[in-house]
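S.K.: Provided below are the primary sequence and the corresponding predicted coordinates.
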Amino acid sequence: MSNKICKQILWIMLFFLFREVNGQTIVNVTDGWAKNSVNTVVFRKNSITSYKGWQFISFYNEKQQVVLGKRKIGSAEWELKQTQFKGNCNDAHRSISIIVDGDGFLHIAWDQHDNRLNYAKSVAPLSLELSEKILMTGKNELRVTYPEFYNMPNGNLLFLFREGGSGNGNLVINQYDLYTKTWKQLHSNLIDGEGERNAYWQAFVDTKGTVHISWVWRESPDVASNHDMCYARSTDGGLHWEKSTGEKYVLPINVRTAEYAFHIPQNSELINQTSMVVDKKGVPFIATYWRNENETVPQFRLIYKNEKAWITQNLSFRTMPFSLSGGGTKKIPISRPQVVVWNRRLKTKAAVLFRDDERGSKLSIAVNKNIKKNKWQVKDIFKEDIGSWEPSYDTELWRSKELLNLFVQKTIQRDAEGRSELMPQMVKVVEFKP
């Protein structure tokens, strides 16, 4: 085969692995499980994560095996490894979450929905080879759901999960110490449902190491019982907690003692487990959606705290009504949103990432160039139909470079843990700046 033909084949291969479309770079990885949204739920912390120029990714393949991958940031070449672990992909709650600690060890939790903790870590820094399953602390690890890892500025990690069931669960926080390489439990019950409800949270660690949590309450397994938006923060790595005013919480926090950023009644189509971020000034921003009383259309919202009070912006661009009720993973015409914010001179800018059936189920973004003005511009940034996809992204790369790398895959979710017959679909990383 001539050198010219070899070069042509190489260019064709690179086109399908690494291409730029409408200002976004699209990097193909490989095919993954797509019969429901287990690979593309919003609460994956994280689906993609970075460490010192390397990017890691995780997902389930067609055989329901846990797959890990890594690449040099900016490269189209992925090193992929099918691990020894498997999950029950028929349940979309049972997603995979990964993180890299300050020494370069990869940590992973997977296949969690009210069952014993599945946790492992890499055998060496930057390795895709995993240990066998190991205990974390051995406490409160029998009924685990929603495992989430967070990086601390000093290289330590936090691990958040729910112990117990929907409508009756508690928020547990563990801390990983980089030097002892061990976990300890900070709280077995930071937010107490008192046996009557549970908190569905979203969290963020800012550049100073302050941990921020916001949450809705749910009174039962029925999603229609979601209500209100609450807030807490910790300035000492998750040990002690306070309100946005600095008032100290007496722990555990409950429905009577919580700070309410916004009161939202039950039966408002309020969704749970969305996203929050904090800008460089320490201002928390929470993205979610709900429906106003006497209206039929749920709208995306942004809740944030200024110097004096909590502010709520209604993005107001949706026209399609829908209603939320029942248990299990729902087939919903819009995704739960992700929010990012950035500061430029005296202005704070925000972007909300989402998917909406009324826009053709594309990857869309709403941008506000000055948060003091409730003016949002909406456009599609990836124009393929992505089915039931929800946004997740490399939070560490955004933190360091303000570059968005999104995990994107077409998946189809049927209502109440239903399963579609969609064949495996390509996992992609979509790179762009908002």
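M.R.: That came in fine, so what should we check first?

S.K.: For residue 234, list each beta-bridge partner.
M.R.: Beta-bridge partners for residue 234, by DSSP bridges, are residue 211.

S.K.: ok, it - contacts?
M.R.: 210, 211, 240, 241, 242 (C-beta atoms under 8 Å, 6 or more residues apart in numbering). C-beta: built from backbone N, CA, C; applies to glycine.

S.K.: for residue 397, phi and psi?
M.R.: When read as degrees, to the nearest 10, the backbone of residue 397 gives phi -70, psi -40.

S.K.: what's the nearest residue to it if we skip its chain neighbours?
M.R.: Excluding the flanking residues, the one nearest residue 397 by C-beta to C-beta, 6 or more residues apart in numbering is residue 50, at 4.6 Å.

S.K.: Look up how far residue 287 lies from residue 268.
M.R.: As judged by C-beta to C-beta, to the nearest Å, residue 268 and residue 287 stand 16 Å apart.

S.K.: ok, these two, which is more surrounded?
M.R.: Neighbour totals were compared for residue 268 and residue 287, and residue 287 leads with 28 against 19 (other C-beta atoms under 10 Å).

S.K.: can you list contacts of the strand or helix carrying that one?
M.R.: Using DSSP states H and E, residue 287 sits in strand 284-290. Residues outside strand 284-290 that contact it (C-beta under 8 Å, 6+ apart) are 202, 204, 212, 214, 216, 229, 231, 233, 244, 261, 264, 268-271, 274-279, 298-305, 334, 336-339, 341, 350, 352.

S.K.: Give the buried subset of the residues you listed as a PyMOL selection command.
M.R.: The buried residues among the contacts of strand 284-290 can be selected in PyMOL (16 or more other C-beta atoms under 10 Å) with this line:
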select buried, resi 202+204+212+214+216+229+231+233+244+261+264+268+269+270+271+274+275+276+277+278+279+298+299+300+301+302+303+304+305+334+336+337+338+339+341+350+352
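
S.K.: Which members of the contacts of strand 284-290 are positioned in strands?
M.R.: Per DSSP state E, strands hold the following members of the contacts of strand 284-290: 202, 204, 212, 214, 216, 229, 231, 233, 261, 275-278, 299-305, 338-339, 341, 350, 352.

S.K.: Quick one: mean pLDDT for stretch 418-434?
M.R.: Stretch 418-434 shows a mean pLDDT of 93.

S.K.: Okay, now the unreliable bits of the protein?
M.R.: For the chain, the stretches with pLDDT under 70 are 1-23, 328.

S.K.: which residue ranges form the helices in it?
M.R.: Counting by DSSP state H, the segments of the chain that form helices are 3-17, 395-401.
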